[in-house]
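Student: Okay, predicted coordinates and the sequence, questions at the end:
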Protein chains: 2
Amino acid sequence: MIPSDRGTKVYIEIVKQLRSMIEKDGLKAGDKIPSERELSERLNAGRSSVREALRALELLGLIETRRGEGTFIRDFHGNQLVQLLGTFVLQDEKARKDVAETKVLIEMNCLLLAAKKCRGKGFRLKEWVQAQRMLEDDRFFQKVAELADNYLVCRIWQILKDYNHSLHVKKSIFPAEWYVRLAEALDADSEDEIRSAYDALRKLSEY
Amino acid sequence: MIPSDRGTKVYIEIVKQLRSMIEKDGLKAGDKIPSERELSERLNAGRSSVREALRALELLGLIETRRGEGTFIRDFHGNQLVQLLGTFVLQDEKARKDVAETKVLIEMNCLLLAAKKCRGKGFRLKEWVQAQRMLEDDRFFQKVAELADNYLVCRIWQILKDYNHSLHVKKSIFPAEWYVRLAEALDADSEDEIRSAYDALRKLSEY
DNA sequence: GTTCCAAAAGTGGTCAGACCAAAAACTTCC
DNA sequence: GGAAGTTTTTGGTCTGACCACTTTTGGAAC
């Protein structure tokens, strides 16, 4: 295979080809992709180059390989990746602060978005909250992120959450009452109240 | 190399070894790591396996390789993570709307963050804006994102911007005056004014 | 026809060796 | 001491060879 740009590496080219191949054929999570040997033949590249591309995607959690069976597309829930970045990269203090800061921002965005999207839908987050005694912080915001009905934001939040875990380890679980005010504010679709309730919550949980 | 756990792959083992090697030797961004051949010898593995590990780390943006020179550690601030997720996941129509929506959110966040970070610094964005006649929208927010002093947010914005371009193609360039009010609001550190100025701008530019 | 089992084929996992291209290190010569 | 040429090092890629495991296949026995 001759890389399109001189200077580009073959395995990068293969990653791109794979992407468009997946798009073109409409492959979904769980589907099988061609074997390494077939790819190497179809893309006119050495098998080792194909493997470099596949291994990279595997480490990213985008595909899964099973010896003797084949290579399959995975439902990307970037677990390994995050773990790796966590232990590998985020050593410096500034980066950690950035993560925490960004997470707070995104959570606030999710809250406001969720309020907007739920407008007139009659959904009551408060009831959901009150149905439990203790509430895992992540679980609450997972719910909110879903309500925000924006897959991208949802994914970004998840990634930040995972990042954070790989740093602090500890998972926060608080009494459900702490979330009631926030849920009420969201149900009431009151922007100011959402803001202050969230700030209050984060103070409580000593973020 | 015999993987510690049976079932674990050699290249994964090598990634781990590299990690501990970097930690042990206290290697920092910019430092050089041993050559592929030396690693393959020291770790008692084939060179192709070493390459699979290195290529994966490279795609993650953790290392950088230069032909004829060697392989070097990169600082985290180049993470491809979101990028990859972006190109891989964002395909359908809904996702496009999500991108636009998210971009607006992030821009607002950047503005507020920037205001906070500039507090008391005496920086005047207004002067910078007025120094030009026409202003590329992206350039303005690039500036704001930098002022926000949060690399992660900055990266996320850039990715959203790039993705947006790949959809709309057109780049927006507006008269500098449009940005003056927003710059003033930012300089004045007035949250409400920032919000309304940004909303007004996005209405003007028909986002 | 059905069931069961062994052989064959397919697939990922790994290694060794070869060659190329680019950069760096070294030598030679002025 | 500096410039030019040669050798060495290093990443980039391909090929072919095994191994281990899974699926498929093709009979053989019932």
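Tutor: Cool, the structure landed.
Student: Residue ranges in chain A under the pLDDT threshold?
Tutor: Residue ranges of chain A with pLDDT under 70: A:2-7, A:75-93, A:121-122, A:166-170, A:206-207.
Student: so where do the strands sit in it?
Tutor: Under the criterion DSSP state E, chain A carries strands at the ranges A:32-33, A:63-66, A:70-73, A:134-136, A:173-175.
Student: Make a markdown table from the ones you listed and add mean neighbour count and distance to DNA strand D to it.
Tutor: Where C-beta positions appear, they are placed from N, C-alpha and C, glycine not excepted. What follows is these, written out as a markdown table (neighbours: other C-beta atoms under 10 Å in any protein chain shown; distance: least, C-beta to the nearest atom of the strand, whole Å):
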| stretch | mean neighbour count | distance to DNA strand D |
| --- | --- | --- |
| strand A:32-33 | 16 | 11 |
| strand A:63-66 | 16 | 7 |
| strand A:70-73 | 17 | 8 |
| strand A:134-136 | 15 | 36 |
| strand A:173-175 | 13 | 39 |
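Student: got those strands as TSV, with distance to residue B:38 columns?
Tutor: TSV is the format used below for the strands of chain A (distance: least, C-beta to C-beta, whole Å):
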stretch	distance to residue B:38
strand A:32-33	34
strand A:63-66	28
strand A:70-73	30
strand A:134-136	47
strand A:173-175	48
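Student: what comes up buried for stretch A:116-124?
Tutor: residue A:118 (16 or more other C-beta atoms under 10 Å in any protein chain shown).
Student: about what we covered before: looking at the strands of chain A, which is nearest to residue B:34?
Tutor: With respect to residue B:34, and counting by C-beta to C-beta, the nearest of those is strand A:63-66 at 27.2 Å.
Student: For that closest one, which outside residues touch it?
Tutor: Residues outside strand A:63-66 that contact it (C-beta atoms under 8 Å, 6 or more residues apart in numbering or on different chains): A:33, A:54, A:57, A:58, A:71, A:72, A:73, A:74.
Student: do stretch A:36-53 as well
Tutor: Here stretch A:36-53 has contacts from A:1, A:10-15, A:17-18, A:33-34, A:54, A:71, B:48, B:51-52, B:55-56, using C-beta under 8 Å, 6+ apart.
Student: do stretch A:145-153 as well
Tutor: Outside stretch A:145-153, the residues that touch it by C-beta under 8 Å, 6+ apart are A:106, A:109-110, A:113-114, A:117-118, A:123, A:125, A:154, A:157-158, B:89-90, B:94-95, B:98-99, B:101-102, B:105.
Student: List buried residues within those.
Tutor: If we count by 16+ other C-beta under 10 Å, those have these buried: A:106, A:109-110, A:113-114, A:118, A:125, A:154, A:157-158, B:90, B:98-99, B:101-102, B:105.
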